[in-house]
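[1] here you go, sequence then predicted model.
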Amino acid sequence: MSEIQTLEIPVKGMDCAECTMHIQHAVSKLAGIESINVFLASEKAIIRLDPTQVSLSDIRQAVASAGNYSVPENIAAPASVPSANFSRRLVALLAVVFAIVLSIVVVGEWLGMFDVLNRFVPFPIGVAMVIVGGFPIFRNVIRAALKRQIISHTLMTLGVLAALVVGEWVTAAIVVVFMRVGEYVENFTTESARRAVKELTAIAPQTARVEREGAESQVPIAEVRVGEIVIVRPGEKIPVDGQVMDGQATVDQSTITGESMPVEVARGSRVFAATMAQLGSLRVQVTRIGADTMFGRVVKMVEEAEAHRADVQRFADKFSAYYLPVVTGVAALTFLISRNPLATTAVLVVACSCSIALATPVAMLASIGASAKRGLLIKGGKYLETLARADVLLVDKTGTLTLGQPQITDVVSLNGVPDSEILTLAASAERYSEHPLAEAVRSAARARNLQLVEPQNFEALPGKGIRARIIGSSIALGNRQLIPSADSSSVALELEAQGKTLLFLARDDELIAILAAADTLRPEVPAAIAQMRALGIQHIELLTGDNERTAAAIAEKLGVANRANLLPDNKIQVVKDYQAKGHTVVMVGDGVNDAPALAQADIGIAMGAAGTDIAIEAAHIALMREDWTLVPEVRRIARRTMRIVKMNLAFTAVYNVAGLTLAAFGFLPPVLAAAAQSLPDIGILSNSARLLRQQAQSD
C-alpha cells in the first residue's frame, strides 16, 4: 500500500473566493487525491495524495483547466512582496483612473456622445474592439461555462452580449472597460489581504553564516544542518532556532512575541529565527531551521488560517453560489415585464458577487496577519468569530494567572527531621520534574548548597505530585490527593489561608514534613479580568489543582468563582458541562498541563506559547508572550473584526439590492451600472484595511 504524502504548491491567478473553489473542485476529481485546501491569501494549495496514482504534472494540468490559474515550474520560488509605497501609489493610480473613466462616461452619456459613436463607427469594428478588450475575461467565462460553472464575470459578459444584440456596441465597450478596471480593483483588494501574510513571510533571513572546518561560510538556509554553529553579528537577524553557546547580545524578539522591549541572551539562552541581535555577537547551535522554527510554524499557521473559515464566511460563500442564478432570474423577469433590453442589460451588469465573496476573508486575513505581527497567533477566522460571541472564561492558575515562579516560603518538620534533610529528599525526588513547584523546591535546596541524590523509579502523577526512591526510601511529594494521610493541623490550615500551596512529604508512607510555596499573581491580571467583564464575559472561573483555601484566596482577590483539587480530566469535564448548557467557553492556560482542556474548549488560549510546541498545537489562539493584557486585547480584536465583517456584508447587500432595483426600473443605464459594480470592492478594501492598523484600545 502506497504511503500518503503531503504536497505544497504555489498557485497563481486567484483573485477571489470563487477561484479557490474552482481549483479545489478540479484537483479533487483526480484519482489519488485524498484532500486539498487552497489558500487565497498565501496563493498556495496543500494536497494530500497518493504519489503512485497522481503526479505534479497531473495536478498542474487540473489547476490550469479550472480557469486562468497556473502552478509555476519552480514551486519553491518565494513570492515577492510589494512595498507599502508601491501599494499606496497603485491605490492612488487606480483611484485617478477610475475617476477619469467615470467622469468621461457620465459626461459622454449626458452629452449624447455615445449615440454619435454608435452612428459613425461601423458596428463590426465596434464589436471587434469589444472582443479584443474583453478577451481575457470572456475566455474565462467560456471555460467556466463549459464546466457548467458560473463565475462573477458571467453576468457582465451576458450584459455585454445583450448590449451587442440591441446594437449598443459603445455601451458594450464601456462595460468591458469597467470590467477590466473592476478586475484590477478585485486583484488589488485580494493582494492587500495577502500583504500582511507575505510581509510576515519575508521577515526571515534567507542565508546564515555557518562555522565549517574552522572557517565561516555564508550559505542558504536550506543548507544549514541541525547541530551546526551559526555566527550572528550585531545588527543581523538570527536565521535559526537554537541555543547560545558563546557570546552575549540584546535581542529584539518582537517578530515572535510582539514585545518591543529587547531581551538579554547569553550562554544557555534559547533564541529564535527572524529575531534581531541588536548589540553583541552570538555563536548559536542550531536546533531547528526553516519551516520547523518557531517563526516558520507561526507563518505556516497564519497562512493556513484561511482553512478554518468562520460560519459567516461559509454563509457568504453559499450566498455567492445562489446569488448569480437569482440575478439571472431578476434580469429575465425585468425583460418579461418591461420589454426593455437596456434595463435587462443593466441588471446583469450591475450585479457584483465577488464583493460578497471578499467581504469576509479580506477582513479576517487582515486581522489575522496584523495580529501575528504583534504576538497574537490566531489559527483561523472561525476562532475570531467564536471568541467574539464567547460568554464564559475559565482560567488556570499556576503559570497563567500567576507568574509560574513560586518560591518555598515555609518548611515545617512534623517529627524533628532537620530542614536540610527535608529539602534534600524533596529536591532529589523532584530533580527531573518540569512542574513549576518542582523548580521552587530545587531552588530552595540550591540556596542552601545542598547536594542532591539521583532519584530512582521516578513517577510523575499529573494533578497529584511525584514518587521516587531516594537512598533506598520511598518518597512521595504532592497534595492531599497523593498523600491521604496529609496533615490537617492548624499550621496547614493557616498556611493555606494565606493563599500558599502545600506540598506534603512522606517517607516510606510516613508523613514527615509540609513545604509551603507561594506564587505571585501577575500584576496586570486584575485589570485584565475587569476588562473581560466590560467586554461582555460575565462568568469567569478559576480552575486549579490546588486546594480550596489557596484557590479561594486567589479568586477573592480577583472577584471570580473557583474550583479546586482538579485533575486534567476534571478541567475537561468542567468545559464540557458549560458547553452542554449552551455556553461558548474560552479556556486560558499555559499550554502544558492544560492542553486537553484548551483543545476541548470552544476557544483555547495558550499563554506565553513562544517555544512551547504543545501550546501551539493544542490552542486555537496562542499568545506569544506571557502578558495578560493580550487576553482582553484579542477579545477586542475578535469583536472589532466581526463588526467590520458585518459592515462589509451589510454594505454589499444593500448596495447590490439598490443597484439591481435601480437597474430593473430603468433608472441606471448599463454604462453607469458597469461603473457602479466596481465600487463595492473599493469600499470593502477601505473598511477592512482599518484592521491592519488596529491598536490596543477600548472596545
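    It's in.

[2] buried ones in the helix or strand harbouring V574, by neighbour count?
    Using DSSP states H and E, V574 sits within helix 568-580. Buried residues in helix 568-580, defined by neighbour count with 16 or more other Cβ atoms under 10 Å: 571-572, 574-575, 578. C-beta: built from backbone N, CA, C; applies to glycine.

[3] and that helix, average pLDDT?
    Taken as a whole, helix 568-580 carries a mean pLDDT of 90.

[4] which strands and helices sit next to that helix?
    Packed against helix 568-580 by the contact rule (3 or more Cβ pairs under 8 Å, 6 or more residues apart in numbering; DSSP states H and E) you find strand 392-396, strand 539-543, strand 585-589, helix 595-600.

[5] between those, which gets nearest to G126?
    With Cβ to Cβ as the measure, strand 585-589 is the member of the helices and strands packed on helix 568-580 nearest G126 (61.3 Å).

[6] now the closest one - C-alpha only, CSV.
    The C-alpha trace of strand 585-589 is given here as CSV (Å, rounded to 0.1, in the frame of the first residue of the first chain):
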residue,chain,number,x,y,z
VAL,A,585,-16.3,28.6,26.5
VAL,A,586,-12.9,30.3,26.5
MET,A,587,-10.1,28.5,28.3
VAL,A,588,-6.8,30.2,29.2
GLY,A,589,-3.9,28.0,30.2
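
[7] tell me which residues are up against the helix holding V574.
    Residues from elsewhere that reach helix 568-580, judged by Cβ atoms under 8 Å, 6 or more residues apart in numbering: 392, 394, 396, 462-463, 541, 543, 563, 566, 585, 587, 593-594, 596-597, 600-602.

[8] buried among those residues? Make that a PyMOL selection.
    Selection of buried members from the contacts of helix 568-580 for PyMOL, criterion 16+ other Cβ under 10 Å:
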select buried, resi 392+394+396+463+541+543+563+566+585+587+593+594+596+597+600+601+602
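
[9] and stretch 429-436, how far apart are its ends?
    Distance between the two ends of stretch 429-436: 14 Å, counting by Cα to Cα, to the nearest Å.

[10] check stretch 30-45 too.
    Stretch 30-45 end-to-end distance (Cα to Cα) = 15 Å.

[11] what residue in the protein is the furthest from its centre?
    Ranking residues of the chain by C-alpha distance from their mean position (Cα atoms, centre = their mean) puts F120 at the top, at 57.6 Å.

[12] which residue ranges of the stretch 401-550 of the chain form helices?
    419-429, 436-447, 490-497, 525-534, 548-558 (DSSP state H, counting those that start in this stretch).

[13] could these go into CSV alongside mean pLDDT, mean neighbour count and distance to L679?
    CSV is the format used below for the helices of the stretch 401-550 of the chain (pLDDT from 0 to 100; neighbours: other Cβ atoms under 10 Å; distance: least, Cβ to Cβ, whole Å):
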stretch, mean pLDDT, mean neighbour count, distance to L679
helix 419-429, 94, 22, 70
helix 436-447, 90, 20, 57
helix 490-497, 82, 16, 66
helix 525-534, 94, 17, 37
helix 548-558, 85, 18, 49
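
[14] so which of those gets nearest G369?
    It's helix 525-534; of the helices of the stretch 401-550 of the chain, that one is closest to G369 (Cβ to Cβ) at 24.2 Å.

[15] dump that closest one to PDB, keeping only the CA atoms.
    Taking C-alpha atoms only, helix 525-534 is exported to PDB below (Å, rounded to 0.1, in the frame of the first residue of the first chain):
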ATOM      1  CA  VAL A 525      -4.300  40.300  35.900                       C
ATOM      2  CA  PRO A 526      -6.900  42.200  38.000                       C
ATOM      3  CA  ALA A 527      -7.300  45.000  35.300                       C
ATOM      4  CA  ALA A 528      -7.400  42.400  32.500                       C
ATOM      5  CA  ILE A 529     -10.200  40.400  34.300                       C
ATOM      6  CA  ALA A 530     -12.100  43.700  34.700                       C
ATOM      7  CA  GLN A 531     -11.700  44.400  31.000                       C
ATOM      8  CA  MET A 532     -13.000  41.000  30.100                       C
ATOM      9  CA  ARG A 533     -16.200  41.700  32.100                       C
ATOM     10  CA  ALA A 534     -16.500  45.100  30.300                       C
END
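
[16] what's that helix packed up against?
    Counting by 3+ Cβ pairs under 8 Å, 6+ apart, helix 525-534 packs on strand 539-543, helix 548-558, helix 630-664.

[17] quick one, it and helix 630-664 angle?
    30 degrees (axes from the mean of the first three to the mean of the last three Cα atoms, to 10 degrees).

[18] helix 525-534: how far from the chain's middle?
    For helix 525-534, the separation from the chain centroid amounts to 24 Å (computed by Cα atoms, centre = their mean, to the nearest Å).

[19] how near is the residue farthest from the centre of the chain to G126?
    The gap separating F120 from G126 is 10 Å, by Cβ to Cβ, to the nearest Å.

[20] so how far is P462 from the closest residue to A444 other than its chain neighbours?
    Spatial nearest neighbour of A444, chain neighbours left out: I408 (4.0 Å); criterion: Cβ to Cβ, 6 or more residues apart in numbering. Per Cβ to Cβ, I408 is found 21 Å from P462.

[21] from what I see, N340 and T334 are in contact.
    Yes: with contacts counted by Cβ atoms under 8 Å, N340 reaches T334, the gap being 7.2 Å.

[22] quick one: which of these two has more around it?
    Neighbour count, other Cβ atoms under 10 Å: between N340 and T334, T334 has more, with 23 against 15.

[23] next up, the contacts around that one.
    Neighbours of T334 in contact, by Cβ under 8 Å, 6+ apart: 340, 343-344, 347, 663-664.

[24] repeat that with 7 Å
    Shown in contact with T334 (Cβ atoms under 7 Å, 6 or more residues apart in numbering): 343-344, 347, 664.

[25] my guess is T287 contacts I238. True?
    No: counting by Cβ atoms under 7 Å, T287 stays clear of I238, with 11.9 Å between them.

[26] which one's more surrounded, the two?
    I238 (29 against 15).

[27] from R288, how far off is that one?
    To R288, I238 is 12 Å away according to Cβ to Cβ.

[28] just K29 next, same as before
    37 Å.

[29] tell me which of these two has more neighbours.
    Using other Cβ under 10 Å as the criterion, K29 and R288 rank with R288 on top: 17 against 10.

[30] look at the residue nearest to the more buried one when sequence neighbours are not counted and say how many residues are nearby.
    With sequence-adjacent residues excluded and distances taken as Cβ to Cβ, 6+ apart, R288 is closest to D241, at 3.9 Å. Residues near D241, counting by other Cβ under 10 Å, number 26.

[31] so who does D241 touch?
    The neighbours of D241, taking Cβ under 7 Å, 6+ apart as the test, are 272-273, 287-288, 293-294.
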